[in-house]
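*Asks:* Everything below, folded, please.
(2 chains)
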Amino acid sequence: MTEYFGTTVADIFATMPKRFKPEEAKEVDIAIGYEATGEGGGKWKATIKHGTLKVETVEGELTGCKTTIHTDAETFVGVTLGKIAALDALSSQKLRVAGDPKFLMLLLPKIFTPYAAPAKKPDAVTARDIIATIAERFRPEKAEGVAMTIGYDLAGEGGGKWTIVIREGKCAVREGLADPLTVKMTMEAKTYAGMMVGTIEAVTAFTSGQVKIEGDMAAAGATAKYFLKYVVPGATEAEELISLRVINSIEQRFATGPVMGRWFAGIREKKFLANRCPKCGRTQIPPREICAWCRVRVHEFVEVGPKGVVTHFDIVYFASPDPLTGAVRDTPYATAYVVFDGATEREAITLDLKQEDIPRLKEGARVRPVWAEVTTGSYRDLIGVELDEEEGSI
Amino acid sequence: MKMHAKNRNVAIIGIGQTSLSSHKEDQNQAEMVHEAVRNALADAGLKIGDIDCIVHGNMELFEMQFAPDLWHSLGTGAYGKDEYRITTGGTTGATLVCAADNLVASGLYDTVLAIGMEKLQEGNTTGGITNMADPLWFRNLQTGALTGTTAQEIIDEFGEERAKRAAMRYRIMMDKHAMLNQRAHRRLGLEYSQMEDLMANSPPLVGELRLIHMCSQSDGACAMIFTSEEKVKQGTKNPPVWMRDHIQVHREETIPNLFGFNKPEVTHHLAARKLFARNGIQDPVAYFDVFEMYDPSAWWAVDWLREFFLLTGDEHLRMLEAGDFDMDGRIPINPSGGVIASNPIGATAMLRLAEAALQIRGDAGGHQIKKEVRHALASGFGGTFWSVLMILEKELNWQEVNHD
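*Replies:* Got it, this is the predicted structure:
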């Protein structure tokens, strides 16, 4: 299976059941399809239903999925591991989502623990792998004035014969054993690999005769300092970076004042009370103490609406959180700019439109308010607006 | 309203930025600020002891961190110095610059360090914006800066095909610029051949505003050092860049007032009209050599080019289509890649000015405009259409500002 970033697409799906958090998925009922193209790719389907998870590979078409994700295998692994930013992959179209991407981005971290690439088992690393990294691990600043040739004769699988030449602050690796050598080391390839990844102690290996050293013994002991330590790919040797998680929840209370207080008192009676500027005549909605255009006090209240006209609207496909509850909103939803009957031309107000009416929404549509069953004098009293089709004006 | 000419001239003599990315887990906020401050001081060849006053800004509600200037003083160097704190939403970075400009011009301080920062990954931007919305009525309707109304207006005015192509051309142009800027956050490697595909398939957010059109959320900081003409005469490490003039235009009250049956003059247009008139600039497209514009989305950018340059009809679209806004065009827009590429909010508007100043100095690196840059324009933008517009000059030789 082709590896990307040290792991495979298959491993990500194989570990899914282990990473699943049934407690968090009690309310979830969704089938997600995955198509990863290219080498190491394939199709998978994850069905999550009331705290259960079924992961299956799919041959042919992905069917019965609410949402499907299409990408190449490398991008899939990169995004899963956080090596590639999901939004960047989405923006550049390397990753496509049929359905709501934001919904998935909120859901998946909730119901799965993050995937981590398996650390490569030390015994999977061969001597050949390690020798291949020698030149990049070389530290010229530590090898100033050093001139030596080191021979390795490593027997068995993953072994071979190599000569490492250090001269004038440079390091080169050649196949075969040069003559003469400053020092020659002979051992099993897996002993060498074990010493380099730290599962076999060098002194013990030498003392027990697993390692044979010919030539300059002191030089053999000194070589380690000319190179950075070998790190197994995928192993985390990096500095630990700790982030602190904090969830703030605060209760707030805002005074409305006498003018907005009138508006809310009106809302409780299912009436829209604007106030009219004595200078420019505009009907401020909601009412405000001052007309900021004319900088004068505004005293006169007038009732407008309750029906009105949609001047502009936004249809939102992006599952943004409800600002009042933090819950993910059902998409699409629409916010309409409405000018109530009797209001002046710029006094629009933004209101949610009933979801079923979205397909028939047009600029210039007539709307009427939708009220809560019980009104208490709060913005929650006005649920939004719905199309007023009885008048046949759309 | 009476405006007074500047008491004395003010120059930018130091610019420092951090890299801009989706997360910076290897630095805390104070450390990130410190990186920008250190870079600005090194750029100016100054030490923190040379700074008389510090102006610090970010949107504290985005990180939900009270009085961040106190925590950040480890990085700002403000300990024992005069300090002002500014937090004005999207315009924070521009307001910081205007404040620093005024503090030096007034004669109150000789050398002022302005710092803008944001670590958006550490908080919740939508939560922050919600808490800034009118809590009495509009809070329940606020969901941040995503809107499709401008897209719809452009489509209504110029037709769907031309409008969509214009927005996507702008977007890909920005990415091409960002690819030249090593510090930019989002560098996607887009090609103009992807236009049709992106127009049809980029995930929709709101109306015709799609994911590809929208700006990023970034972590990063910017620091700039402002000083007086007298100080400049004593010698500077890098050539000074002069703050010729700036203007801020607010729109009061509520956003829906923009969406009734007819539209008031857009704040960008009002800002540009007043600023150019009082500086005797007849033809801004001809006068300026670069414009670093605060472009939160490709749709807004296309629309706002017309407002800022006082263009009419489809002039802005024709210019865009002809490549006039490209790196090698008549008036290059955002050689840095703009806000669409990198958006650490409290620093975002300041980065516009910093990038414009680097263009004048010729120090922008990979995204330096080939022709000489003598006159630069930069803008800031924030909630309820707050607009800030700033003029930078290479030479101290402009006509006396007419403030009558």
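*Asks:* Show me the shaky parts of chain A.
*Replies:* By pLDDT under 70, the low-scoring segments of chain A are A:120-123, A:234-239, A:248, A:320-327, A:390-394.
*Asks:* does residue A:144 count as helix, strand or coil?
*Replies:* Secondary structure for residue A:144, judged by DSSP: H, G, I helix; E, B strand; the rest coil, is coil.
*Asks:* Oh, that last question was meant for residue A:368, not what I typed.
*Replies:* strand.
*Asks:* Could you pull up phi and psi at the residue nearest to it when sequence neighbours are not counted?
*Replies:* Excluding the flanking residues, the one nearest residue A:368 by C-beta to C-beta, 6 or more residues apart in numbering or on different chains is residue A:388, at 4.3 Å. C-beta coordinates here come from the backbone N, C-alpha and C atoms, glycine included. According to degrees, to the nearest 10, the main-chain angles of residue A:388 amount to phi -100, psi 80.
*Asks:* looking at it, residue A:388 is touching residue A:370, isn't it?
*Replies:* No: the criterion here is C-beta atoms under 8 Å, and residue A:388 misses it with residue A:370 at 10.8 Å.
*Asks:* Count the neighbours of the residue nearest to residue A:368 for me.
*Replies:* Other residues lying near residue A:388 total 19 when counted by other C-beta atoms under 10 Å in any protein chain shown.
*Asks:* residues in contact with it?
*Replies:* Contact analysis of residue A:388 by C-beta atoms under 8 Å, 6 or more residues apart in numbering or on different chains lists A:307, A:366, A:367, A:368.
*Asks:* Among those residues, which one is most surrounded by other residues?
*Replies:* Counting neighbours by other C-beta under 10 Å, residue A:367 leads the contacts of residue A:388 with 26 neighbours.
*Asks:* Just list the residues touching that one, thanks.
*Replies:* By C-beta under 8 Å, 6+ apart, the residues touching residue A:367 are A:307, A:308, A:309, A:310, A:336, A:338, A:351, A:353, A:385, A:386, A:387, A:388.
*Asks:* so how far is residue A:309 from the residue nearest to residue A:368?
*Replies:* According to C-beta to C-beta, to the nearest Å, residue A:388 stands 10 Å off from residue A:309.
*Asks:* ok, residue A:12 - contacts?
*Replies:* When contacts are counted by C-beta under 8 Å, 6+ apart, residue A:12 touches A:76, A:77, A:80, A:115.
*Asks:* A helix includes the last one, no?
*Replies:* No: under the criterion used here (three-state DSSP), residue A:115 is coil, not part of a helix.
*Asks:* measure it to chain B for me?
*Replies:* Distance, residue A:115 to chain B, by C-beta to the nearest C-beta, to the nearest Å: 18 Å.
*Asks:* ok, what's across the strand from residue A:328?
*Replies:* Following DSSP bridges, residue A:328 is listed with bridge partners residue A:321.
*Asks:* That one is in contact with residue B:126, isn't it?
*Replies:* No: contact criterion C-beta under 8 Å: residue A:328 and residue B:126 do not qualify, at 11.7 Å.
*Asks:* More neighbours: these two, which one.
*Replies:* Set side by side, residue A:328 and residue B:126 show more neighbours around residue B:126, with 18 against 15, by other C-beta under 10 Å.
*Asks:* Perfect, I'm done here.
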